[in-house]
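Trainee: could you work out the structure for the sequence below:
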Amino acid sequence: MAEFAPDPAFDAGSMVIGELALCHVRLQTDARWPWLILIPRGVGLREIEDLSAADRATLIAESVLAGQAVRAMGAALGRPVEKLNMAALGNVTAQLHLHVIGRRADDAAWPAPVWGVGTSEAYEAQALTLGLGAARATLNL
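Mentor: Numbering: from 1, shown residues only. Prediction:
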């Protein structure tokens with residue numbers, strides 16, 4: 001029987017934060033936006049409709065919590081989040097995952113989507129520590 005594993009494609013642009021009841025949680029390592037990725041732990045999941053009704057409810061609850069964590073990251077980094085964007089696209093990486101992204105009117109892509117805009121910027125060590133700390137505290141990880 002197959003076991004859950006995040007698609008290896010996530011390794012290139014994100015890092016593990018921890019595990020919630022349903023989702024594996026990752027930080028997108030582009031410092032331009034506070035950004036978390038939720039990956040429901042299940043094998044062969046591609047669409048939200050592939051989850052049971054109970055797991056869909058858990059995903060929504062965890063996405064709200066992730067939004068709070070993204071807001072906490074923005075505050076910790078001195079760039080408060082003005083708008084949350086959530087997306088389950090899967091056009092490139094088919095494994096079911098939900099992006100939770102903090103946006104501001106002065107960010108690099110505003111008001112357009114973040115995908116394909118500019119070049120990813122690595123977190124400075126102190127900012128990464130602050131952002132991760134805020135996210136983990138909010139997520140209780």
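
Trainee: shouldn't residue 37 be within a strand?
Mentor: Yes. Counting by DSSP: H, G, I helix; E, B strand; the rest coil, residue 37 is found in a strand.

Trainee: that one contacts residue 99, doesn't it?
Mentor: Yes. The pair residue 37 and residue 99 passes the contact test of Cβ atoms under 8 Å, sitting 5.8 Å apart. Placement of C-beta: from N, CA and C, glycine included.

Trainee: shared neighbours of those two, anything?
Mentor: Residues touching both residue 37 and residue 99 by Cβ atoms under 8 Å, 6 or more residues apart in numbering: residue 28.

Trainee: enumerate every residue touching the residue nearest the centre of the chain.
Mentor: With distances taken as Cα atoms, centre = their mean, the residue of the chain nearest its centroid is residue 36 (1.8 Å). By Cβ under 8 Å, 6+ apart, the contact set of residue 36 is 17, 25-28, 66, 69-70, 99-100, 135.

Trainee: for residue 45, grab the count of nearby residues.
Mentor: When neighbours are defined as other Cβ atoms under 10 Å, residue 45 has 19 of them.

Trainee: that one and residue 98 touch, don't they?
Mentor: No. Using Cβ under 8 Å, residue 45 and residue 98 do not qualify as a contacting pair, with a distance of 11.2 Å.

Trainee: where's the residue nearest to residue 96 when sequence neighbours are not counted relative to residue 26, distance?
Mentor: In this structure, residue 96 finds its nearest non-sequential neighbour in residue 45, 3.9 Å apart by Cβ to Cβ, 6 or more residues apart in numbering. To residue 26, residue 45 is 16 Å away according to Cβ to Cβ, to the nearest Å.
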